[in-house]
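Enquirer: Task: produce atomic coordinates for the following.
(4 chains)
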2 protein chains.
Amino acid sequence: MGNRFPTGGKRVTIGDVAALAGVSKGTVSKFLGDGDYYIAEETRARIAAAVAELDFQPNAIAQGLVRRRTQTVGVIVASIANPVYPEMIAGIQAVLEERGFTLIIGSSEGRPEREAGIVRSMRQRQVDGIVMASVTMRDGEVAALVGDGLDVVLASRNLARGDLVDAVVVDNVAGARAAVEHLAGHGHTRIAHVAGPQDVVPFTQRRQAYCDAVSDAGLDADPDLVTVAEASTLEAGADAVRRLLALPEPPTAVFVGSDGMAIGALEHCARAGVVVPRDLAVVGFDNIWVGRMPGISLTTVDSHARDVGTRAAHRLLSRIEARWEGRSSPPPRPAAAETTVLPAELVVRGTCGCASDVPLRALAPSS
Amino acid sequence: MGNRFPTGGKRVTIGDVAALAGVSKGTVSKFLGDGDYYIAEETRARIAAAVAELDFQPNAIAQGLVRRRTQTVGVIVASIANPVYPEMIAGIQAVLEERGFTLIIGSSEGRPEREAGIVRSMRQRQVDGIVMASVTMRDGEVAALVGDGLDVVLASRNLARGDLVDAVVVDNVAGARAAVEHLAGHGHTRIAHVAGPQDVVPFTQRRQAYCDAVSDAGLDADPDLVTVAEASTLEAGADAVRRLLALPEPPTAVFVGSDGMAIGALEHCARAGVVVPRDLAVVGFDNIWVGRMPGISLTTVDSHARDVGTRAAHRLLSRIEARWEGRSSPPPRPAAAETTVLPAELVVRGTCGCASDVPLRALAPSS
DNA sequence: CTCCGGTAGGAAACCGATTTCCCATGGCCG
DNA sequence: CGGCCATGGGAAATCGGTTTCCTACCGGAG
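Expert: Numbers count the residues shown, from 1 in each chain, chains lettered A, B, ... in the order given. Sure thing, here's the model as predicted:
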């Protein structure tokens, strides 16, 4: 017999192929693999026929066990529901699957302990590498991972020391600065900031850059103008802007640390009768697709999520391949980590007060 | 020695633990597993200590090989960038990972051949089951999969014969009908339909239901009023509505097969100076979060994506577990497939011409 | 006629677990 | 006092491949 009960359809193994072709398992394996072995043309044909007849599909689990690599990479995001990530995942997916890799994805929901759990689970599953997007893990823990021999690439987040772990990030500093300067250029002097959770590195960078830009431009550097949201969500954004507008001397413009929060802010303004951009100019960060909708028309900074994804994936791939190409004796001296910084451009639309896109909003009077 | 070169950090195996604890691998395995084996308290303690000291993490690949199950399920979506899917994935994720399952996801981008490729790859990776969301695969092929012993649950798509494959769907017929009837209730008689690609089952159902509802209500059943978009995207939606508006006798209302296309349609209207809902009332389908933004305020039908995800996941889990619980002799007679239909509710907002939500749009005059 | 290198393919070890089978004790019952 | 059952744990087969090692044949060179 051979096959257990609950298997349902009995899987065909390499042994079955070998038997049908009248050769040994080893030979079939050699035929299937890409190593250069001597196999007679006639034998090749017999094996090929057997493979075709049985519709043999190698068991990737068994392969993974012996090869010690699974052609699988893990992707950890903060929340799949946040539109930034699907975009990034699509980028990663595109390059990886072309190379025959499969993605397993985990969503930490912003909780560090879940993040650690996901990493553990991925390692147990022997992923060949991990793309960590916007993690909350502390620098030391991340560094420990790579020190431990795991290939990791950070996406849209970097460590203080850039030489420890590869990273692909957008230029948060330049982006935030561009946002603030653009608003200042409109004559605003009380420019507020809604910051995302400060355990997420990009949000701290954006906040810091905002502060620097504000003082560089000689604007009102009132600490009350900076408010930190407890999550990068619509609700938190709405709430943050509510607090800002309740200030004795409210801001006339606000730079929001993410589009999600910015759109929440817009929602709040609409509800509260605050007219954007007349009463409050708004600039977001990320350039998620929703922002370009006519009814929203959010001015924002493009964080090139998809691009970040593809670059991170390429970086990870080359690490993985480097590790395995040197399968001759020399223990692979890992290449130094590097951080790729993508430029961040301001995307001007209607919410900042430029004339450009506002008409579309004006075009929609009450019915 | 023992460990190969490129491993980086040498993994600790069950053998290492066994050696340290002074027992055999088998005993360690028995200790770790949940079967009820006799192990002396003192031995348990020694093993536990060894496990802790070495920080042993079992190799899931090796486990998968012998157990013939991987605690992994595949999810196939049409496009991860389409906001409906992340929502659904989040639902699936939530229930599966609580049970220790890992998700591997594949995006078919609507191309049937990629879909088949993804299924192949997932099977090779020995997934325990697959959730197929909105597939374009033909009924027969899907049925063949389950006939082949793979556990499959369809999400937001069902087969003509509901007893072949489990499915969790939303009530497309009732939803589409509600949309049409709502518009008819506003006095519209020329109600158009923008249908999604007709190789996607829900889109055909919605289209059919639209047709039925239109004739049942005695409205204008002009075939020109039905236009099929070649993809469920913003662009395709915009283009479709453009065609409708160019008709000699254009519609005054349109039911769009998905929110993505509906929002694209809205975008087109804004550009073209068509005022919604005055000149054209619009109702979408899906209720993606963007639609509730004040500047968009899309009336739509809720397709409960997240719910569909959690239900599909539960269904899949119970199938998987059924298969393995009966690990006694009797070949598991598979339970009959069933189709779960979730109700679809109309979500009334501003684009259909009800007074309810329009004020928000009116509140935003030009600056 | 041997020896050698190029072909061809089989046998078996191995990857890291799980699980079955089997062998020891030791205490209790008859 | 012998046998049996409840404990406790080791040895080895197994999962489905990959890869190393080894043998065998064949033709040509020495």
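
Enquirer: what are the phi and psi angles of the residue in the stretch 151-300 of chain A that chain B sits nearest to?
Expert: Of all residues in the stretch 151-300 of chain A, residue A:295 sits closest to chain B, at 2.5 Å by C-beta to the nearest C-beta. C-beta here means a position set from N, CA and C on the backbone, and glycine is covered the same way. Here is the backbone geometry of residue A:295 (degrees, to the nearest 10): phi -70, psi -10.

Enquirer: What count of nearby residues applies to it?
Expert: 27 (other C-beta atoms under 10 Å in any protein chain shown).

Enquirer: Show me what from the stretch 51-200 of chain A comes close to chain B.
Expert: Listed as neighbours of chain B in the stretch 51-200 of chain A under the rule C-beta under 8 Å from any C-beta of the partner chain: A:57-62, A:64-65, A:68, A:70, A:72, A:79-81, A:83, A:85-87, A:89-90, A:93, A:97, A:102-107, A:120-126, A:147-150.

Enquirer: Can I have the buried ones of the residues you listed as a PyMOL selection?
Expert: Buried members of these, defined by 16 or more other C-beta atoms under 10 Å in any protein chain shown, are picked up in PyMOL with:
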select buried, chain A and resi 58+59+60+61+62+64+65+68+70+72+79+80+81+83+85+86+87+89+90+93+97+102+103+104+105+106+107+121+122+123+124+125+126+150
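
Enquirer: out of the residues of the stretch 51-200 of chain A next to chain B, which are inside helices?
Expert: A:60-62, A:64-65, A:85-87, A:89-90, A:93, A:97, A:120-124, A:147 (DSSP state H).

Enquirer: how about the strands in chain A?
Expert: All strands of chain A, identified by DSSP state E, fall at A:72-77, A:102-107, A:129-133, A:152-155, A:166-170, A:191-195, A:226-228, A:253-256, A:281-283, A:300-302, A:339-342, A:345-347.

Enquirer: In CSV, please show the C-alpha coordinates belonging to the third one.
Expert: Yep, that's strand A:129-133 we're talking about. Taking Å, rounded to 0.1, in the frame of the first residue of the first chain, the C-alpha atoms of strand A:129-133 are listed here in CSV:
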residue,chain,number,x,y,z
GLY,A,129,14.0,36.0,4.1
ILE,A,130,11.7,38.7,5.5
VAL,A,131,10.6,42.1,4.3
MET,A,132,9.5,44.0,7.4
ALA,A,133,7.4,47.0,6.6
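
Enquirer: State the distance spanning the first to the last residue of stretch A:68-78.
Expert: 29 Å (C-alpha to C-alpha, to the nearest Å).

Enquirer: Is DNA strand C within reach of it?
Expert: Yes: part of stretch A:68-78 sits near DNA strand C under the criterion C-beta under 7 Å from any atom of the strand, namely residue A:68.

Enquirer: can you give me how far that stretch is from the chain middle?
Expert: In terms of C-alpha atoms, centre = their mean, to the nearest Å, the centre of stretch A:68-78 is found 13 Å from the chain centre.

Enquirer: Tell me the residues on the stretch 201-350 of chain A that lie near chain B, please.
Expert: Close to chain B, as judged by C-beta under 8 Å from any C-beta, the stretch 201-350 of chain A has residues A:234, A:263, A:266-267, A:270-271, A:273, A:275-278, A:289-290, A:293-297, A:323-324, A:326-327, A:329, A:331-332.

Enquirer: where does the stretch 201-350 of chain A dip in pLDDT?
Expert: A:325-333 (pLDDT under 70).

Enquirer: in it, which spans are helices?
Expert: A:201-216, A:234-245, A:259-272, A:305-325 (DSSP state H, counting those that start in this stretch).

Enquirer: Would you mark the buried spots in the shortest one?
Expert: The one in question is helix A:234-245. In helix A:234-245, counting by 16+ other C-beta under 10 Å, buried: A:234, A:236, A:237, A:238, A:239, A:240, A:241, A:242, A:244, A:245.

Enquirer: from the residues you listed, which single one is nearest residue B:190?
Expert: Residue B:190 lies nearest to residue A:234 out of these, by C-beta to C-beta, at 36.1 Å.

Enquirer: Measure how buried the closest residue to that closest one other than its chain neighbours is and give me the count.
Expert: Nearest residue to residue A:234, sequence neighbours excluded (C-beta to C-beta, 6 or more residues apart in numbering or on different chains): residue A:264, at 3.4 Å. Residue A:264 has 26 neighbours, counted by other C-beta under 10 Å.

Enquirer: Then the one 10 residues further on?
Expert: Number of residues near residue A:274 (other C-beta under 10 Å) recorded here: 19.

Enquirer: Determine which stretch of the strands of chain A is the most buried.
Expert: strand A:253-256 (a mean of 32; mean count of other C-beta atoms under 10 Å in any protein chain shown).

Enquirer: contacting residues around that one?
Expert: Identification of contacts with strand A:253-256 by C-beta atoms under 8 Å, 6 or more residues apart in numbering or on different chains yields A:176, A:179-180, A:183, A:186, A:188, A:190-194, A:210, A:237, A:240-241, A:244, A:262, A:265, A:280-285, A:352-353.

Enquirer: Let's see that with 7 Å instead.
Expert: Strand A:253-256 is contacted from outside by A:176, A:179-180, A:183, A:188, A:191-194, A:210, A:237, A:241, A:244, A:262, A:265, A:280-285, using C-beta atoms under 7 Å, 6 or more residues apart in numbering or on different chains.

Enquirer: Point out the residues in the stretch 201-350 of chain A that sit beside DNA strand C.
Expert: On the criterion C-beta under 7 Å from any atom of the strand, DNA strand C has no neighbours in the stretch 201-350 of chain A.

Enquirer: separation between residue A:167 and residue A:118?
Expert: In this view, residue A:167 and residue A:118 are 19 Å apart by C-beta to C-beta, to the nearest Å.

Enquirer: count of neighbours near residue A:259?
Expert: 28.

Enquirer: That one is in contact with residue A:282, isn't it?
Expert: No: counting by C-beta atoms under 7 Å, residue A:259 stays clear of residue A:282, with 10.2 Å between them.
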